[in-house]
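> give the three-dimensional model of this entry:
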Amino acid sequence: MLGVSSLPRSTPETQGLNTAALDAFVTALDAAGPEIQTAMLLRHGQVVLEAEWSPYRLTDPHLLFSVSKSFTSTAIGLAIDAGLLTLDDPVISYFGPDELPAVITDNLAAMTVRHLLTMTTGHAKDTVEALSRDRRMVKVFLGLDVEHPPGTVFVYNSGATYML
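So this is what the prediction gives:
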């Protein structure tokens, strides 16, 4: 397994980046409101920036929350780039009759990939609790009430990430 310390290192300039700009980025992170623990930037597979904020160290294990959303959205971007889907595709277009509810409401029909990505599905609350009660999570998600027109209300929604 490739460890953090075994990643190849390079200078920013060698990889086409400006050291002063990266220093300004670290300074901005330092001044930011949210607590930053560590940062690492890779360019062309080379580590060009490493930063740590006390008491944290780059070598410390870190808890990662919601990282699945980052990987999932990246995968969706790659799928869009490959022409496999678009942001405006209706969510229900990807599922068959065994997973769709008997009645498809206007709000459910209007829900798109974009709404899943932006967590503006129209749900009034996070759907993850309802999904965790049943192994048929797609069917459960699609069967939940979509109280608001998609795109009008943001709700942190882990179920949307699952659906992507």
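
> can you count the residues close to the nearest residue to residue 158 once chain neighbours are set aside?
Nearest residue to residue 158 in three dimensions, chain neighbours excluded: residue 128, at 4.0 Å (Cβ to Cβ, 6 or more residues apart in numbering). (Each C-beta comes from the backbone N, C-alpha and C, glycine too.) Burial of residue 128 is recorded as 16 neighbouring residues (other Cβ atoms under 10 Å).

> what of residue 84?
For residue 84, the tally of surrounding residues (other Cβ under 10 Å) stands at 10.

> check contacts around it.
Contact criterion Cβ atoms under 8 Å, 6 or more residues apart in numbering gives no residues in contact with residue 84.

> so how far is residue 119 from it?
The gap separating residue 84 from residue 119 is 22 Å, by Cβ to Cβ, to the nearest Å.

> where is the longest helix in this structure?
Using DSSP state H to define each element, the chain has its longest helix at helix 67-81.

> just confirm residue 49 is within a helix.
No. Counting by DSSP: H, G, I helix; E, B strand; the rest coil, residue 49 is not part of a helix but strand.
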